[in-house]
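**Q** my questions concern the predicted model and sequence given below.
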Amino acid sequence: MPRRVKTVEQILKIISNLEQVRNIGIIAHVDHGKTTTSDALLAAAGIISPRLAGQALALDYLDVEQRRGITVKSANISLYHEYEHKPYVINLIDTPGHVDFSGKVTRSLRVLDGAIIVVDAVEGVMTQTETVLRQALEERVRPILFINKVDRLIKELRLSPSEIQQRFAEIIKDINALIDMYAEPQFKNKWKINPVAGNVAFGAAKDKWGFTIPMAQRKGIKMSDVIDAYAKGKEAVEEFAMKVAPLHEALLEMVIKFVPNPKEAQKYRIPKIWRGDINSEIGKAMLEADPNGPLIFLINDMRLDPHAGLVATGRVLSGTLKPGVEVWLVGARVSQKVLQVGIYMGPDREVVGAIPAGNIAAALGLDKARAGETVVDIKYKDAMVPFEKLRYVSEPVVTIAIEPKDIRDLPKLIDALRKMSIEDPNLIVKINQETGEYLLSGMGPLHLEIALTLLKENFGLEVVTSPPVVVYRETIRAKSQVFEGKSPNKHNKLYISVEPLDEATIRLIQEGVVTEDLDPRVRAKILKEQAGWDYDEARRIWAIDENINVFVDMTSGVQHLREVRDTIIQGFRLA
């Protein structure tokens, strides 16, 4: 029997017992060793050869990733592991580290319960380390720490054991300061990194070794042993990694002991990401991760499979995802049927019969869905409140004009850009109404460069582009006078005034406390109590856009206003 088939069978036996399931991600600053670290877990699960771990970069399976040596997408894999003679399923997502791909980190964290933060022992905590840790804490994802590239402290900086320990202490202090800054009060102390407890590992993923303090105490490992191994040469390091301190052992111990299982995590994560009634049937089912409850599937990623079409990846929060179930897409407001269910094994999708609550799954048939979509059993369509919108740390700000080299390829280019923007919502495609040019916006120059590479490799398109430009937005500093606008047929007049939002309102929207989807009465109460709004005025909010602009209806007694409401809101979003 092929090893992968056997692995999938082993995984399916366990996934219903949530105490033996962990949903984790690997997050870090660029080039700190996330994908190399994931290799250690893949090798221990038998997915890749132990000899290749550290060099295979198995989850960087795109050609562009292997060539450039950086991760540009999030990769999912379900792993079977045994720890202390007990089987576990680790649903792992390896995320990009470059700031241009931070949107993919945001989408991944929504479906995770824990995150291994990888930090380069020499570089320490960097800007993107802070960003991804803040993102994790905002989603109530518990962090654990892996200080990687310790070999650099030995070979490059030639530090003594005491100096190495001092460096570890500095990094742990920096991480704890960030947890102190960004974690909610109930998690600050509980989630802090404590070497003695064992929620931090030290090692070198490329050389396949690592240990926690409890593991070192059990095995009698000292830092001087590591230094001696490097002094003796490659074979001594390999023996140390294989026989004394295998990295996967340290990582697994941390994940199983400190990352909560899905049932534990959903009890405190659901109230954060869902504004519905926790005491309702749906709310209780999600809190308990009940496999027999109503089906609720939260989509965090859409992928284009060249053979199967769009594949929706996400987390089953309640019920069991299986083929043939009719579901309601709350955001898209359409019903669709689940055609096929599977789990990801890196680049490959393995078809399975059903995935119960608490697990990460892939589904075919939901081609109208987009990242962030709330999917619910059709019978509960009127009872389901959507999940909180994904909040990205930055927006697409770099834009290029794009056209095909051969004008006959224009329909093909339009279709390719549409498909790419579904896979990556941080790629925005627009038409310049004045020039007719197609504009492609991304998070940065690298984001756009990778998009152009994928256009060529995946769609066979040669394109011509303009130099990238950064879009600056104007804003206002004081309340404007009332302006009059007329519709094209001159039969309708609109009177508009604009004023800056106060800091309290901006903060409430940024933190997701106030959203467009929130019940108007609940939203008005929050704005009145926390930002000083007039209650009636706050109830008349029509729209809140992604740039934190709020549209309020200040009219009274205007007939037929509801008939043009959608058109007015559309104009507000385009403005």
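**A** Cool, the structure landed.
**Q** mind listing what's buried in stretch 515-524?
**A** E516, L518, R523, A524 (16 or more other C-beta atoms under 10 Å). (Glycine included, C-beta is placed from N, CA and C.)
**Q** ugh, wrong one, stretch 279-288
**A** I282, G283, A285, M286, L287, E288.
**Q** pipe those residues into JSON lines and attach secondary structure per row.
**A** Below are these laid out as JSON lines (DSSP: H, G, I helix; E, B strand; the rest coil):
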{"residue": "I282", "secondary structure": "helix"}
{"residue": "G283", "secondary structure": "helix"}
{"residue": "A285", "secondary structure": "helix"}
{"residue": "M286", "secondary structure": "helix"}
{"residue": "L287", "secondary structure": "helix"}
{"residue": "E288", "secondary structure": "helix"}
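**Q** ok, of the residues you listed, which one's closest to P500?
**A** Set against P500, the nearest of the buried residues of stretch 279-288 by C-beta to C-beta is G283 (37.0 Å).
**Q** quick check: pLDDT value at the closest residue in space to R523 that isn't next to it in sequence.
**A** In space, and not counting its chain neighbours, R523 is closest to V514: 5.7 Å by C-beta to C-beta, 6 or more residues apart in numbering. V514 is assigned a pLDDT of 86 by the prediction.
**Q** ok, now V30?
**A** Taking V30 on its own, its pLDDT is 86.
**Q** change the start of the numbering to 376 and stick with it
**A** Got it, first residue is 376 now, which makes that one V405.
**Q** ok, it touching Q503?
**A** Yes: between V405 and Q503 there is a contact under C-beta atoms under 8 Å: 6.3 Å.
**Q** so who does the residue nearest to R898 touch?
**A** Counting by C-beta atoms under 8 Å, 6 or more residues apart in numbering, V889 touches T880, L883, R898, I901, L902, I919.
**Q** three-state assignment of it?
**A** Secondary structure assignment for V889 (three-state DSSP): coil.
**Q** from D941, how far out is it?
**A** 22 Å (C-beta to C-beta, to the nearest Å).
**Q** ok so, going back, out of the contacts of V889, which one has the lowest pLDDT?
**A** Lowest pLDDT among these: L883, 87.
**Q** of the buried residues of stretch 890-899, closest to E531?
**A** For the buried residues of stretch 890-899, the nearest to E531 is E891 (51.2 Å; C-beta to C-beta).
**Q** for that closest one, which non-adjacent residue is closest in space?
**A** Residue nearest to E891 in three dimensions, not counting chain neighbours: I919, with 4.3 Å by C-beta to C-beta, 6+ apart.
**Q** I916 now?
**A** V927 (5.5 Å).
**Q** what about the one you found, how many neighbours?
**A** With neighbours defined by other C-beta atoms under 10 Å, the count for V927 comes to 14.
**Q** got phi/psi on it?
**A** phi -120, psi 130 (degrees, to the nearest 10).
**Q** ditto for S841
**A** phi -90, psi 170.
**Q** the one 4 residues further on too?
**A** When read as degrees, to the nearest 10, the backbone of V845 gives phi -100, psi 130.
**Q** so what's it up against?
**A** With C-beta under 8 Å, 6+ apart, V845 has these contacts: V772, V773, T774.
**Q** inside strands: which ones of these?
**A** Among those, DSSP state E puts V773, T774 in strands.
**Q** can you say which of the contacts of V845 are buried?
**A** V773, T774.
**Q** rewinding a little: beta partners of the residue nearest to E891?
**A** V925 (DSSP bridges).
**Q** quick check: which ranges of this protein have low pLDDT?
**A** In the predicted model, the chain carries pLDDT under 70 at residues 376-381, 419-449, 472-473, 475-476, 721-722, 950.
**Q** buried sites along the top helix by length along the chain?
**A** The helix that spans the most residues within the chain, counting by DSSP state H, is helix 536-557. Neighbour counts over helix 536-557 (16+ other C-beta under 10 Å) mark I539, R542, F543, I546, I547, D549, I550, N551, L553, I554, Y557 as buried.
**Q** over to stretch 525-535?
**A** For stretch 525-535, the neighbour count (16+ other C-beta under 10 Å) marks V525, D526, L528, I529, L534 as buried.
**Q** same question for stretch 601-608.
**A** Counting neighbours by 16+ other C-beta under 10 Å, one finds that the buried residues in stretch 601-608 are V601, I602, A604, Y605.
**Q** please look at the second one and P536 and confirm they touch.
**A** This means I602. Yes: contact criterion C-beta under 8 Å: I602 and P536 qualify, at 6.7 Å.
**Q** between those two, which contacts overlap?
**A** With C-beta under 8 Å, 6+ apart, I602 and P536 have no common neighbours.
**Q** can you give the domain ranges for the chain?
**A** 378-634, 639-755, 773-845, 858-949 (automatic domain parsing).
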